[in-house]
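*Asks:* Attaching a predicted model along with its sequence, questions to come.
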Amino acid sequence: MSENDLRAKQRAIKAQVAAADKARPVIEMKGAMQAGARAYPEPPFDQSNAQVDRIEGELSLAPLYDAPFWRGSGKLEGRTAIITGGDSGIGRAVAVLFAREGADVAILHQPDEEADAAVVLKAVEAEGRAGMAIGGDVTDRAFCFAAVAEVVERFGKVDVLVNNAAFQMHVSRFEDLTEDHFDLTVKTNLYGYFHMAQACLPHMKPGSAIVNSGSVTALFGNSDIIDYTMTKGGIHSFTQALSGSLASRGIRVNAVAPGPVWTPLNPSDHPEKLKSFGMETRMKRPAQPEEIAPAYVFLASPQMSSYITGEILPVIGGYTDR
């Protein structure tokens, strides 16, 4: 093809694209994307939700966690699972689906969150499974080991560990991030995972699984929560490294990296950003906990993910153009 012929072909394609752009109808998404079994809340959100102190029962807009259209099929039949931060948010939704899939469930929660924990236990028992709730602090190694011992005493084993408890609080400037603040974030989000994994491993057998809660912040960064972002990046690396360490023992280790999710963690932190929370995603809304929980079922179930370990599964409402 000569240079003139090539140039003419380029001009023809350019003209064709311009004509197509001019002729095509303009389709704008009105509101948020809805693609689930039921419609989910969309921004703007009531900023009165910002008054809660990480207590799900105090949110005026209750997170949707019960997944009424999910039909269990024994994906975790006969298994025992421990879920940290299991009283609210993602942990609560995971507890419900695990029970619906046949698992007995133990949740760990902060001592002042008994009311939320009671809701989860009732939901687990309504699925026909046994549940137990243990209040304490996952930054305390002794508590973690004692809690696991209590679970093993009742259920005899641990098949699945979901490391999910987290602390998050923004700062406006990096200089405002105090050592105490940084220390609590690291102790909760990293030490807690470390303690729980070490406490559970002696009771896990081949076919067991660890599922860690990572975050989209570890993929793209978030300048408002640098300490939280750093710990979530550490969780992703911990997941990948630990998976190699435990492969010879038949124990899989994976992580879910959620995007924005409507849980008590976010409304209690950044009230000025609450109104538009989740609008930065392609779906233009935050996830509800029941939309994230199936990823944990997938990674916990030996029927569904037996050939998957060391993976980070993003559930972020779609990658946006960057």
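*Replies:* Looks like it came in fine.
*Asks:* Would you confirm that Asp159 contacts Met204?
*Replies:* Yes. Counting by CB atoms under 8 Å, Asp159 touches Met204, with 7.0 Å between them. For every residue, glycine as well, the C-beta is placed using N, CA and C.
*Asks:* Looking only at neighbour counts, state which of these two leads.
*Replies:* More neighbours surround Asp159 than the other of Asp159 and Met204, with 23 against 20 (other CB atoms under 10 Å).
*Asks:* Excluding sequence neighbours, find me the nearest residue to the more buried one.
*Replies:* Leaving aside its chain neighbours, Asp159 sits nearest to Arg79 (4.0 Å; criterion: CB to CB, 6 or more residues apart in numbering).
*Asks:* mind listing the helices for the stretch 1-150 of the chain?
*Replies:* 3-23, 89-100, 114-126, 141-155 (DSSP state H, counting those that start in this stretch).
*Asks:* For Gln240, which of those is the nearest?
*Replies:* Among the helices of the stretch 1-150 of the chain, the nearest to Gln240 by CB to CB is helix 89-100 (20.7 Å).
*Asks:* tell me how far the lowest-mean-pLDDT helix or strand in the chain is from the chain's mean position?
*Replies:* Each helix and strand of the chain was given a mean pLDDT (mean pLDDT, DSSP states H and E); the minimum falls on helix 3-23 at a mean of 83. With CA atoms, centre = their mean, to the nearest Å as the basis, helix 3-23 stands 47 Å off its chain's centre.
*Asks:* before we move on, what about stretch 64-80?
*Replies:* 17 Å.
*Asks:* now swap in stretch 238-251 and tell me
*Replies:* Using CA atoms, centre = their mean, the offset of stretch 238-251 from its chain centre is 20 Å.
*Asks:* average pLDDT for it?
*Replies:* Across stretch 238-251, the average pLDDT comes to 98.
*Asks:* can I get the CA coordinates of that stretch in PDB?
*Replies:* Output of stretch 238-251 as PDB, limited to C-alpha atoms (Å, rounded to 0.1, in the frame of the first residue of the first chain):
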ATOM      1  CA  PHE A 238       0.600 -11.400  53.700                       C
ATOM      2  CA  THR A 239      -2.000 -13.300  51.800                       C
ATOM      3  CA  GLN A 240       0.300 -14.100  48.900                       C
ATOM      4  CA  ALA A 241       3.300 -15.000  51.100                       C
ATOM      5  CA  LEU A 242       1.300 -17.100  53.600                       C
ATOM      6  CA  SER A 243      -0.300 -19.000  50.700                       C
ATOM      7  CA  GLY A 244       3.100 -20.300  49.700                       C
ATOM      8  CA  SER A 245       4.000 -21.200  53.300                       C
ATOM      9  CA  LEU A 246       0.800 -23.300  53.800                       C
ATOM     10  CA  ALA A 247       0.500 -24.900  50.300                       C
ATOM     11  CA  SER A 248       2.400 -28.000  51.500                       C
ATOM     12  CA  ARG A 249      -0.200 -28.400  54.300                       C
ATOM     13  CA  GLY A 250      -3.100 -28.200  51.900                       C
ATOM     14  CA  ILE A 251      -4.400 -24.900  53.300                       C
END
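*Asks:* what about the residue lying closest to Tyr65 once chain neighbours are set aside, how many residues close to it?
*Replies:* Nearest non-adjacent residue to Tyr65, counting by CB to CB, 6+ apart: Ala93, 4.0 Å away. Residues near Ala93, counting by other CB under 10 Å, number 30.
*Asks:* and Ala93, what does it touch?
*Replies:* If you count contacts by CB atoms under 8 Å, 6 or more residues apart in numbering, Ala93 has them with Pro63, Tyr65, Asp66, Ala67, Pro289, Glu290, Ile292, Ala293.
*Asks:* List just the nearest of these to Tyr40.
*Replies:* Glu290 (8.9 Å).
*Asks:* so that closest one sits right up against Tyr65, yeah?
*Replies:* Yes. Using CB under 8 Å, Glu290 is in contact with Tyr65, at 5.3 Å.
*Asks:* Next, show the common contact partners of the two.
*Replies:* Ala93, Val96.
*Asks:* which stretches of the stretch 201-322 of the chain form strands?
*Replies:* 209-213, 252-258, 312-315 (DSSP state E, counting those that start in this stretch).
*Asks:* With distance to Ser276 and mean neighbour count added, can I get those in TSV?
*Replies:* Shown next, in TSV, are the strands of the stretch 201-322 of the chain (distance: least, CB to CB, whole Å; neighbours: other CB atoms under 10 Å):
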stretch	distance to Ser276	mean neighbour count
strand 209-213	24	27
strand 252-258	18	25
strand 312-315	20	18
